[in-house]
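**Student:** Here's a sequence, model it:
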Amino acid sequence: MLKDAVIASPGAAAGTEAAVDVLVSGGVVVAISDPGQQPNSAAEVVDLAGRWLIPGLWDHHVHFTQWVIRRQRIDLTHTGSAAEVLGLARQAVQRTPAGKTVVGFGFRDGLWPRPARLSELDAATGDHPVALIAGDLHCMWLNSAAQQLVGVRTDETGILREAESFAVMDRFGDPADLTLQDYQDAAQAAAARGTVGVVDFENADNTALWPYRVAQGVNQLRVEAAVWPDYLAQTVDAGLRTGQQLDDSGLVRVGPLKVISDGSLNTRTAWCWEPYSGLDSSLPDACGGPTVPPQQVRELMRTARDAGIDAAIHAIGDRANTEILDIFEELSMRGSIEHAQLLRWEDVERFARLGVTASVQPEHAMDDRDVAEVYWPGRTDRSFPLRSLEEAGVALRFGSDAPVAPLDPWLAVAAAVSRSRDGRDPWHPEQRIAVGAALAASSGGRTEVSVGGPADLAVLERNPYLSTGDQLRSMPVAATLLAGRFTHRAL
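**Tutor:** From the prediction side, this is the model:
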C-alpha cells in the first residue's frame, strides 16, 4: 500500500489536495481511500509522505540499442561547427588505442558556418578510423580510414546520407558487443525518470530479442516491439499481431510495422511540398523526397493490415505526411505517423478524421527551431503544431526518438508545455499545450491514477501541474512502480 499519497490532478488547487492511501494488488490499483481506511493486510506499506502520484510515463519512440550504444560514444551534441567537431575528434583519437574505431554522436551540420570537408577530418584524425553520426541519425561523417574499413567512398565532404548511411551505421557499434548489463543500466536509468514503458523502433528482430532480454533480467520496462520491413514476412508467418503478448511476464508485446518514408529536416531530405530555402527549385531534390516510395509503403502497410499489425510510419516533411495520410485513408488502417513534424493545415484535421495518432517528439522542436527558420522560413508556424493537433481532436503520443534526444519523458513534457529551452523565448508559443495534455501524451493517454488502472506509477517530489518548463525538465522522481513492483526507489 502507498500511504499518504497525493494524486496529481489538473483540477486541484494548490494546497487543497488531500492525501489518500492507494492499495495495489495483482499489478493494478484496487482501492483509493482516505488515510487509515484500508484494512490491515500483509501488504508492504510505503509512506509517500505527501508526495505526488501520477501514471507512469512512456517513451513512445525509441531506438533502444542505439540509445545504449550512444551512452558509450563521444558526445558531439553541443558542437556548432565543423571546427568544434574536429577538435573533439582529434582529442578522442589521441586517447583511443590504435586499431579501435572512434565513434561520435550528435553533430548537426545544417547550420555550420562552413560545410564538412573530408580533407579536414583526415588531417585531424590520420589513419585512425573515425565515424561521426549526426544527431538525427540521417547522416554520418567518415574519415578515409573509416570509409576503407566498411568499403564505401564519399564525395569531398566525407558525408554519407540517408540509405547509404543506414547501410553501414551498424558497423560502427556492433550490438553484439553490448552486454545484458548495458541494457539493464539503460533501462534502470529510464525507470529512474518515471518511465514504465517504451515503443522500441530499433531496426532488429525485436519480437525475438526483447523476450530474451526480459527473461535475463532487463525487466524494468514494458516494451512494444516494432517490426521493420525486413522482419515483416517472418512476423506474419508466425501469426503475430499488434498487442499480442510475447513473454510470460507480460512485459513484451508486438508493436507496429515501422517504415521510414522520408528523411530529416537537418539533411534537407524530408519530403516537402515546396523547395527548401536556398535550393534551386529546378533541382530534383529541392523539396527532399521519399526514402521508401509511397507505392512500396502502401504494399507494406497492406500486408501488415491484413495480418493484424498496425503501422507506424516515419514522416517529417509536409508532403510525406500528406502521402502517408492518403495511404491510411485508402487502407482504412490503424496506426500512427511518427514525427508528424512539418504539416499542412488541411492535414491536421485529417489526422483526427482518420483516427491516425500523431506520435511526436517535442524536444526535437527545440533542437530544430533554428534550422527550421533557415530552411523553412515563413512556414514554421506549422512545425510541431501540438496545440492545433490537440484542438482538432488528434490523439497525441510523445517520445524522444532516443538516441536523437535523451530517453527522458520529462524533456518531451517540458518542451510541449513551454516550447522553450536554455532560457530562450518560446518558439511559436501559440502551439504550447497544457501540462495535463502533455502528461497524457506521455502516458499512453492515462490522465490520472484511478481504481482498476495498472499499477504503473511514478512518485514525484513536485506537483507537475504547478511546475515551470525548467522545473518539468528536472522533475525529481522519488520512485517508479511497474505492475506494483518498484523499479526505482529513492525514498
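**Student:** any idea whether the closest residue to Gln244 other than its chain neighbours is helix, strand or coil?
**Tutor:** In space, and not counting its chain neighbours, Gln244 is closest to Val254: 4.6 Å by CB to CB, 6 or more residues apart in numbering. C-betas here are computed from N, CA, C, even on glycine. Three-state call for Val254 (DSSP: H, G, I helix; E, B strand; the rest coil): strand.
**Student:** got the contact list for Leu240?
**Tutor:** 207, 227, 246, 254, 309 (CB atoms under 8 Å, 6 or more residues apart in numbering).
**Student:** List the ones among the residues you listed that fall in helices.
**Tutor:** Thr207 (DSSP state H).
**Student:** Okay, now the unreliable bits of the stretch 251-400 of the chain?
**Tutor:** Scanning the stretch 251-400 of the chain for pLDDT under 70 picks out nothing.
**Student:** so where do the helices sit in the stretch 151-300 of the chain?
**Tutor:** Taking DSSP state H, counting those that start in this stretch, the helices of the stretch 151-300 of the chain run over residues 162-169, 180-191, 206-215, 229-237, 294-306.
**Student:** of all those, which lies closest to His364?
**Tutor:** Nearest of the helices of the stretch 151-300 of the chain to His364, taken as CB to CB: helix 162-169 at 17.7 Å.
**Student:** Going by neighbour count, list what's buried in the closest one.
**Tutor:** Within helix 162-169, the residues that count as buried by 16 or more other CB atoms under 10 Å are 162, 165-166, 168-169.
**Student:** likewise stretch 351-369?
**Tutor:** 351-352, 354, 356-369.
**Student:** Which ones among these lie within strands?
**Tutor:** Applying DSSP state E to the buried residues of stretch 351-369, the entries found in strands are 357-360.
**Student:** next one: the helix or strand hosting Ala320 to chain centre, how far?
**Tutor:** Per DSSP states H and E, Ala320 falls inside helix 318-331. Computed by CA atoms, centre = their mean, to the nearest Å, the chain-centroid distance of helix 318-331 equals 22 Å.
**Student:** Report the angle between it and helix 294-306.
**Tutor:** 40 degrees (axes from the mean of the first three to the mean of the last three CA atoms, to 10 degrees).
**Student:** Which secondary structure elements does helix 318-331 sit against?
**Tutor:** helix 294-306, strand 311-315, strand 335-339, helix 345-354 (3 or more CB pairs under 8 Å, 6 or more residues apart in numbering; DSSP states H and E).
**Student:** could you check the angle strand 335-339 makes with it?
**Tutor:** Using the same axes, to 10 degrees, helix 318-331 lies at 170 degrees relative to strand 335-339.
**Student:** what comes up buried for helix 318-331?
**Tutor:** Buried residues in helix 318-331 (16+ other CB under 10 Å): 318-325, 327-328, 331.
**Student:** got the phi/psi numbers for Ala145?
**Tutor:** phi -60, psi -40 (degrees, to the nearest 10).
**Student:** How about the contacts made by the closest residue to it other than its chain neighbours?
**Tutor:** Nearest-residue entry for Ala145: Pro129, 4.3 Å, with adjacent residues in sequence omitted and distances by CB to CB, 6+ apart. Residues near Pro129 by CB under 8 Å, 6+ apart: 101-102, 143, 145-146, 148-149.
**Student:** Now the buried members of those.
**Tutor:** The buried subset of the contacts of Pro129 (16+ other CB under 10 Å) comprises 101-102, 143, 145-146, 149.
**Student:** could I get these as CSV with pLDDT?
**Tutor:** Formatted as CSV, those follow (pLDDT from 0 to 100):
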residue, pLDDT
Thr101, 93
Val102, 95
Asn143, 97
Ala145, 96
Ala146, 97
Leu149, 95
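**Student:** Just give me the closest of those residues to Arg344.
**Tutor:** When the buried ones among the contacts of Pro129 are compared against Arg344 (criterion: CB to CB), the nearest one is Ala146, at 39.7 Å.
**Student:** Let me know whether the closest one touches Asp127 as I believe.
**Tutor:** No - Ala146 is not in contact with Asp127 according to CB atoms under 8 Å; the separation is 10.2 Å.
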